[in-house]
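Novice: predicted model follows, preceded by the sequence.
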Amino acid sequence: MDPYEHFQVEDFIKDERFVDWVLQTDSPQDDFWQRWMVHHPQQAENVARARAILQSIHIRPTAHQLFDADVDAFIAKFSEQTIVRTKNNKLITWLGAAAAMTLLTLGIWYWQKPGIPVAIEVVAKAPVVQKIVNDTENTRLIRLSDKSLVVLRPKSSLVFPSVFGAGNREVQLSGAAFFEVHRDTEHPFVVKAGNILTKVLGTSFDVMIKPDGESTVLVKTGKVQVFNMHIGNVSSIRDSVILLPNQTAVFTNKTARFTKATISRPAMLSPESANKIFFFTDAPLSDIVAKLQQAYGVNISYDEQKFRDYTVTASLSNLPLEEKIRAICKAIDAHYQFGENQIRIY
């Protein structure tokens with residue numbers, strides 16, 4: 001019998017295997033929990049709430065174990081509330097939340113070992129679907145539950161589930177974003193944007209929706225299928241186009257048709273470019289970071305003085321962004337952290 005099948009929020013929070021998966025950047029539990037969620041969609045809300053609570057806990061020093069009585073107490077007290085802030089204290093909009101949402105913070109001190117205090121800040125219940133609005137002038141990084149990465153451009157927004165269910169991995173975009181999709185042949189990744197729907201298995205591509213309704217999709221790696229939703233039909237092949245690397249499709253409301261083309265200058269992440277651009281021989285970290293920032297449109301920070309003498313020899317062309325960062329950090333004996341506005345190497 002599956003012990004997790006009947007778990008409640010408090011059970012997940014106190015389970016070491018679940019905590020490791022949520023809090024570790026590269027947890028060995030990833031594959032297990034991804035498969036488990038696909039087969040237990042009825043637990044999506046409990047998993048989402050438990051993840052949100054754990055990600056909102058700030059512990060000094062690092063420690064996972066919580067006392068049962070304390071966990072039960074704060075869940076019971078705040079079970080009807082909704083999380084309305086991110087780690088940098090900026091408010092964000094959650095779909096399905098009540099109009100008047102109140103941020104509740106409970107500061108609790110735990111002692112896991114004599115003389116070692118652990119500060120815990122608790123915020124409770126997260127809805128299953130959330131919306132992130134980037135109203136800044138910088139890109140914003142969003143890591144989805146399936147390990148896909150989204151680089152949300154300024155003045156754009158993304159709606160997505162906290163945890164993907166058993167069907168399609170579906171998100172909704174307004175504005176522009178770069179997607180690097182984790183490959184999963186059994187669960188296609190779907191982006192709804194304006195009057196188009198983009199469907200992929202695992203690839204990287206850009207989607208941009210202009211105020212006048214013009215929609216553009218540019219493929220950098222892999223293959224995508226773009227459907228015309230203007231007439232409400234996404235099932236007919238006649239109303240879709242297939243795009244390969246360096247191909248773009250533009251849809252306008254006026255014509256309700258796609259214009260397909262091949263770009264003259266290959267994208268940096270396309271196979272023919274990436275094999276050259278991301279092959280490094282004794283390359284300084286500054287050069288590698290510059291190319292990553294240009295290719296992905298993200299900010300990467302590091303201590304230039306500390307790493308000025310480090311060089312890297314590696315081929316990173318076929319790796320997704322996080323795998324590229326991980327390989328670099330392994331080579332220079334460093335760590336990394338994905339934040340909302342940047343990736344930090346330290």
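Specialist: Arrived safely. Please read all numbers here as calculations on a predicted model, not as lab measurements.

Novice: can you tell me the SS state at residue 206?
Specialist: Using DSSP: H, G, I helix; E, B strand; the rest coil, the structure places residue 206 in strand.

Novice: repeat for residue 286
Specialist: Using three-state DSSP, the structure places residue 286 in helix.

Novice: check contacts around it.
Specialist: Residues in contact with residue 286 (Cβ atoms under 8 Å, 6 or more residues apart in numbering) are 304, 308. Backbone N, C-alpha and C define where each C-beta goes, glycine included.

Novice: gap between it and residue 155?
Specialist: Here the criterion is Cβ to Cβ, to the nearest Å. By it, residue 286 lies 30 Å from residue 155.

Novice: and stretch 151-166, what's buried?
Specialist: By neighbour count on 16 or more other Cβ atoms under 10 Å, the buried set for stretch 151-166 is 151-153, 156-165.

Novice: who does residue 337 bridge with?
Specialist: Applying DSSP bridges to residue 337 gives these bridge partners: residue 344.

Novice: just checking, it touches residue 329?
Specialist: No - taking contacts as Cβ atoms under 8 Å, residue 337 lies outside contact range of residue 329: 10.2 Å.

Novice: between these two, who's got more neighbours?
Specialist: Ranked by neighbour count (other Cβ atoms under 10 Å), residue 337 and residue 329 place residue 329 first, with 16 against 12.

Novice: which ones are touching that one?
Specialist: By Cβ under 8 Å, 6+ apart, the contact list for residue 329 reads 335, 336, 345.

Novice: most surrounded residue in those?
Specialist: residue 345 (20 neighbours).

Novice: for that one, which non-adjacent residue is closest in space?
Specialist: residue 302 (4.0 Å; Cβ to Cβ, 6 or more residues apart in numbering).

Novice: share the number of residues neighbouring the one you found, please.
Specialist: If you count neighbours by other Cβ under 10 Å, residue 302 ends up with 20.

Novice: how much space between it and residue 340?
Specialist: Applying Cβ to Cβ to residue 302 and residue 340 gives a distance of 17 Å.

Novice: equivalent analysis for residue 164, please.
Specialist: Distance from residue 164 to residue 340, by Cβ to Cβ: 21 Å.

Novice: does residue 225 belong to a helix, a strand or coil?
Specialist: Following three-state DSSP, we place residue 225 in the strand state.

Novice: quick check: which element contains the nearest residue to it once chain neighbours are set aside?
Specialist: Counting by Cβ to Cβ, 6+ apart, residue 199 is the residue found nearest to residue 225 once chain neighbours are left out, at 4.9 Å. Using DSSP states H and E, residue 199 sits in strand 196-200.

Novice: how far does that strand sit from its chain's centre?
Specialist: In terms of Cα atoms, centre = their mean, to the nearest Å, the centre of strand 196-200 is set 18 Å apart from its chain centre.

Novice: now do the helices in the stretch 51-200 of the chain.
Specialist: For the stretch 51-200 of the chain, the helices defined by DSSP state H, counting those that start in this stretch cover 68-78.

Novice: for it, give me the ranges with low pLDDT.
Specialist: Residue ranges of the stretch 51-200 of the chain with pLDDT under 70: 55-127.

Novice: could you redo the last one with a cut-off of 50?
Specialist: 58-66, 74, 77-127 (pLDDT under 50).

Novice: OK, contacts around residue 205?
Specialist: Contacts of residue 205 (Cβ under 8 Å, 6+ apart): 178, 179, 198, 217, 218, 219, 220, 221, 222, 224, 243.

Novice: quick one, what contacts the second one?
Specialist: Residues near residue 179 by Cβ under 8 Å, 6+ apart: 148, 149, 150, 189, 191, 200, 204, 205, 206, 207.

Novice: before we move on, what about the first one?
Specialist: When the contact criterion is Cβ under 8 Å, 6+ apart, the partners of residue 178 are 150, 151, 153, 204, 205, 206, 296, 297.
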